[in-house]
Structure formats: structure tokens, C-alpha cells
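1. Need a 3D model of the following:
(2 chains)
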Amino acid sequence: MSEFQRFLAKRLAISIGLTLVAVSVIFVVLRLLPGSPFESLVTAGNLSQQQITEIRAMYGLDQPMWRQYLSYLQSILLFQFGYSILRSQPVWGVLAPRLVNTLILLVPALVTTAVLSSLLGMYVGWNRGSKLEKLSIIATTFLRSTPVFITGILFVIIFAYNLELVPAFGMRSISASPEGSVETFASLDFLHHYILPFTVSVLYYSGDFLLLARNGVVEKRGSEFLKLHRAKGLSEMQQLARAGRNSMLPILTYFALRLGMIFQGLILLEVVFGWPGIGRELVLAIQQQDYPLVQAAVFIMALAVIVANLVADVLYAYFDPTVSTSGGGVA
Amino acid sequence: MSTETKPEAELKKRVEGVAETLRDQFTFLRRDRLAFAGVVIVAAFVFLGLLGPALAPHDPIEYTVRDDAGSMLRLSEPTGTALFGTTAYGKDVLSQFLAGAQPTFIVGLFGGIGTGALGFLVGLVSGYYGGWVDEVLMRLTDLTFSLPFTPMALLLLTFVTPSVWLMTGIIVAFLWKMPARVVRSEVLSVRERTFVKSARASGASDLRTMLYHVAPNVLPIGFLYTAYGIAWAIAAQASLAFLGFGDPTVTSWGRMLRQVFESGNMRVAWWWVLPPALGIAAITTSVFLIGRAYEEVINPEIQTEQ
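-> Coordinates of the predicted model:
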């Protein structure tokens, strides 16, 4: 086995281990803390004692804890999430469309911002000390440090309430009842609702990419290989292109990490804009104590981050030969 | 670096060194206009955080603003009686804003310090000892990265009654990973430097080497991440409160925003939205602006010719 394969195998094993631990933490948090999923139904007085016993048996809640844990592990790792308690629908049937809504909002936003703000970051890093650099740093610092729901609220007030350019809430007009994904997502009505949350997500994500790209180029500016390029007679822009290319790696891995975190949705953004994504659904499920839905949603989110972490690590090790693949850091 | 000096003298020297660094940073901050604006805003926020409730003209929850005829003033625009207007429930926005600064301040301050301190210690131990200690601690950070913060915090908060201190604890439990990783990678490079090796060679114990020789050299980055931790904690607390999982007995800026949003008055009541929204935005942005200026000093790699 080569060094790289060994590294790959080790990272893979760690990721699997992490998934198991994360799944167990979810189980512990959901089962061992006080409050049973049926308490709300029971206290509402809708169920007789016999019905309660039946339902408990149906969901396996009368089994000993370790047996519950094992069957939980088995089903969740096979993506069998069971039935949502309050919606009486398969959990997957509830979550899948919500996840699609989230991804359709955030993936294009992330790609857009990764390209645009990285380019801008490289440019201002090259022209260090310029007005544009100052301005872009203030703007992106504001956008990335302010909680996203505040940016969202401010944008809604300006563009939806005062200028009345776009709707403030939801993914489509109340009257619209599209069928099929093409009609849902490829319509002007959808685009009209899409533009504002999309813009806010682009702006929210922009700061990190801009600063990574800027710092990367600033670091490269004084380096030897650029002096060579200058001596060779390359123009400013050509030099910047070379400095930029050499600062791509952190941006690439950061992109991979962010892509994993996208599965969590931007909970607060989805709440403010009434966007029916996975994050908003999870908040509703938590408020309604819909445990099967909660555990499935949290599991999907955790898994996405673990996979993205793995991808980012492997990318880094693959592209940057100075990173030691034997596990330790570089001194 | 000799280890013959008395520990107290050594410590004193190091404390003085740290104080010197802080003075330098301050001088630097004064030269950076952005960062200095940040310092002014942070100072104003600290002032509000300490004295806000005392300055509030009315009780933020109990007191109801009434007009001359004695009927409740709902959703009144800013007037002489209520400088910042009133809420849909006839409460004084100015009083809520002033009182609401305090929980925001407490969670931010202690959440940030807790995050910085815990993260610093984990990063220091992990980076210094390496081996299985490092492996275990770093897998623990991976774990907290993979468990999504907001949902996990919401879950915990549904089972226990939220209080300001509980929120602080939850925030620290999820945010320490950020400084831990950065401090660890700094420690990894400091550990290999000659003065650390010579301290070890001259017989200093691991603990002593770690605390006296390695720690002071990564302290600046620890401070930087404590500052960021404060901004993150404020943002996290506001977000949780906005989702309705804050301490229901306490007025905070996040909770004010939740009430506007819930009551559906965002369209009209700009005077109710703007104070808490701009307050949170201003303080988190200021902390990061200061942090950025600071980072340019600490990170030697971006200190090229300007």
C-alpha cells in the first residue's frame, strides 16, 4: 500500500467511526433525556391506555434500551427512517422534497459566491491598500459576522416591503400549484421568490471566500516564483493569475467543507424567508417533538459534514505534497 | 532560555511581555481607522451591557406605555413619550433595547471567554503531546463539527428550561473546536523551535515546557479567537432567541426580533426592528473588524511589504 492509500484508508476508518459516534449521540440525546415522543399525544387525552401500549409496541418503545439502540443503528444506517409521528407519512417522503428545496437554493448560491468572491478577493489582495480592498473588507466582514437572519430581515424590509420588488415569504405564490419538478422550479413565479434568499445566501457566504483568496494572494505576492514571472516580463494580470492559481487549494477545500454544511440548510434564513427547506422543517419537527423526523434530519446533516470533511482532507493531501499524509501536522 | 530563573520571576517577565504586546496592539488599533471604530462600538456595547437595564426609563416587560387618555399605545411610531416607539403589546422599545443589551452582553462575554479558554487548552495539549492524546481530541473536534449546532442546541433547549447560563454553556460546548484547531496548528510549529527543545533538554517537565515556553507564544492567537468567540456567541444566542428558544423571562435583542417577526409587524414597525437588528450587526461586525486588524499583525505570512 502506498503512503497515500494508507492515509486514505485511515481517514475512511475515522469517518466511519465518527458516523457511528454521531449517530449514538443523536440516540442518547433523543432517548435518554426526559420526555417521551408520545407525551404530547397522551397529555392531549386523545389516546386510551391500550392504544398507548399498542403504539409503543409498534415503535418498539417497550423493548429494553440496548435492543432499541441496536435496531435504531441498523435502520438509520440503512436509511430506513420510519414514519413521521405527527405527519403519518414516511420520514423520507417528508424530508426529501425539503432537502431538494434547500439544495436548489444553496448550491447555486455557494458556487456563485465561490467564483465571484474568490476572484474579487484575489484582485483586492493584489491591489493591497486600495479603496476597493477596504470597502470589500468592511462589506464582507459585516455580511459574514452578522447573523444571517438579521441580514435577511433587513433585505426583506428594503426590497420586499419598501421597494416591493419581490415577495417576502415562501417559495411560490399561494395560488400557484405546480406539478412536477420542472413546473416547480423552472417558472417565473419561483424565480421571483428565489432571488432575494439567493442574494442573501450569496452575500452571507462571500466573506470567507473573499478573505481566503485575498490572504492567499497577499502571501504569494512577495514570493520568489512571482519575482521570476515579473522578470520574465509578464503583465500584472498574468502575474495575478499565477498567484491566484497557487492560492486555490484552501479555497477548494473550504468549498468542499461548506458544501457539506449546506445539507444543514441555513436554518435562520429559511425561517425568515419561509423557505420550505430541511432546516426549517427540522425546527418545526423539534417544536412538535417529531422524533423520527428529527433523528433522520440530524443524521443526514451530520453524515454530509463527515463526508465533506473526508473529501476536503483527501483533496488537500492529494494536491499539496507538503502536507504529511502520515497523520501528524507539518512542523 | 535558562530554566534557572525563579518561576515567579519568569512568570512576571512573561506577564510583562504579554502586557507589552497588548500595548503594541492597542497602538496599532488606533492607527487602523476601521478597527478603531470597532473599538468605540465595542466600548459602547460594554457600557450598555453593564448599565443598560439601569438606564432603561421603564421596565421592559411590566410597563405599558399609555397615551393621555390612558389607553394602551400599540405600535406607536417614535414620539416624545416613547423615544423609540412602542411594540405591538404597548411596550417601550427603547427600554427593551437598553435592557436587552445585558443578556446579549453576558452570553457574548462568557461564551467567548469560555470558547477561547477551552479551545486554547485543548489545542495546546493536543498539539504539544501529539500521539493518541492529539488523535482523541481532534476526533472530538471532528465530532462537534459534524453535529449541526443549531438543531442540537434546540434539542437540548426543548428538554431543559433555557437560562442565560445554560445558553452560555451550550454555546461553549459547540464553539471550542474553532480555537482548538487553530491553536493546535500553531503549537505544532512552536513545538519544533529551538528554545522549546533546549528547555526540554535542560530538564524542564512537559507541563512546564508547555505552559511556560509554548503557551505564551500561541497566546495572541488564543486572544484573537476569544474575540471571535464573543462575536460567535452573540450571533448564536441571538439566533436561538430568534427561533424562540431563548430564556422567556429575559428581554434580549434576539427575542425582540422574534416578537416583531412572530407578530407579523415587520412590514410597518421599522422602529421596533432596527434597534436590536442594528445593535447585533454592529457589535458582531466590530469584533471581527478588530480581529482582522489584529490578525494582520499576528499572521507573519500576510505581513509582506505593503
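
2. pLDDT weak spots in chain A?
-> Low-confidence segments of chain A (pLDDT under 70): A:1, A:32-47, A:59-60, A:173-186, A:265, A:320-331.

3. Spell out for me which residue occupies the centre of it.
-> residue A:262 (1.6 Å; CA atoms, centre = their mean).

4. Report the contact partners of residue B:18.
-> Shown in contact with residue B:18 (CB atoms under 8 Å, 6 or more residues apart in numbering or on different chains): B:216, B:219. C-beta: built from backbone N, CA, C; applies to glycine.

5. can you count the residues close to residue B:125?
-> 18 (other CB atoms under 10 Å in any protein chain shown).

6. Setting the sequence-adjacent residues aside, check what's closest to it.
-> Counting by CB to CB, 6 or more residues apart in numbering or on different chains, residue B:133 is the residue found nearest to residue B:125 once chain neighbours are left out, at 6.4 Å.

7. one step back: quick check, the residue nearest to the centre of chain A in contact with residue A:110.
-> Yes. Counting by CB atoms under 8 Å, residue A:262 touches residue A:110, with 6.3 Å between them.

8. hmm, back to that, can you give me the pLDDT of the residue nearest to residue B:125?
-> pLDDT, residue B:133: 84.

9. buried ones in the helix ranked longest in chain B?
-> Longest helix in chain B by number of residues, with DSSP state H as the criterion: helix B:93-129. Neighbour-count burial for helix B:93-129, with 16 or more other CB atoms under 10 Å in any protein chain shown as criterion, is recorded at B:93-128.

10. any idea how far residue A:247 lies from chain B?
-> 11 Å (CB to the nearest CB, to the nearest Å).

11. which stretch of helix or strand covers residue B:157?
-> Under the criterion of DSSP states H and E, residue B:157 resides in helix B:149-159.

12. Give me the buried positions along that helix.
-> By neighbour count with 16+ other CB under 10 Å, helix B:149-159 contains the buried residues B:149, B:150, B:151, B:152, B:153, B:154, B:155, B:156, B:157.

13. Please name every helix or strand in contact with it.
-> helix A:3-32, helix A:267-273, helix A:278-287, helix A:291-319, helix B:164-175, helix B:215-242 (3 or more CB pairs under 8 Å, 6 or more residues apart in numbering or on different chains; DSSP states H and E).

14. Grab the nearest non-local neighbour of the spatially most central residue of chain B.
-> The centroid of chain B falls nearest to residue B:230 when counting by CA atoms, centre = their mean (0.5 Å). Spatially, and ignoring its direct neighbours in sequence, residue B:230 is nearest to residue B:112 (3.0 Å; CB to CB, 6+ apart).

15. Next: residue A:197.
-> Nearest to residue A:197 is residue A:273, by CB to CB, 6+ apart, at 4.4 Å.

16. That neighbour against residue A:199, yeah?
-> No. Assessed by CB under 8 Å, residue A:273 is found out of contact with residue A:199, at 10.8 Å.

17. near chain B, which residues of the stretch 201-331 of chain A show up?
-> Neighbours of chain B within the stretch 201-331 of chain A, by CB under 8 Å from any CB of the partner chain: A:215, A:218-219, A:221-222, A:264, A:267-268, A:271-272, A:279, A:282-283, A:286-287, A:289, A:294, A:297-298, A:301-303, A:305-306, A:309, A:327-331.
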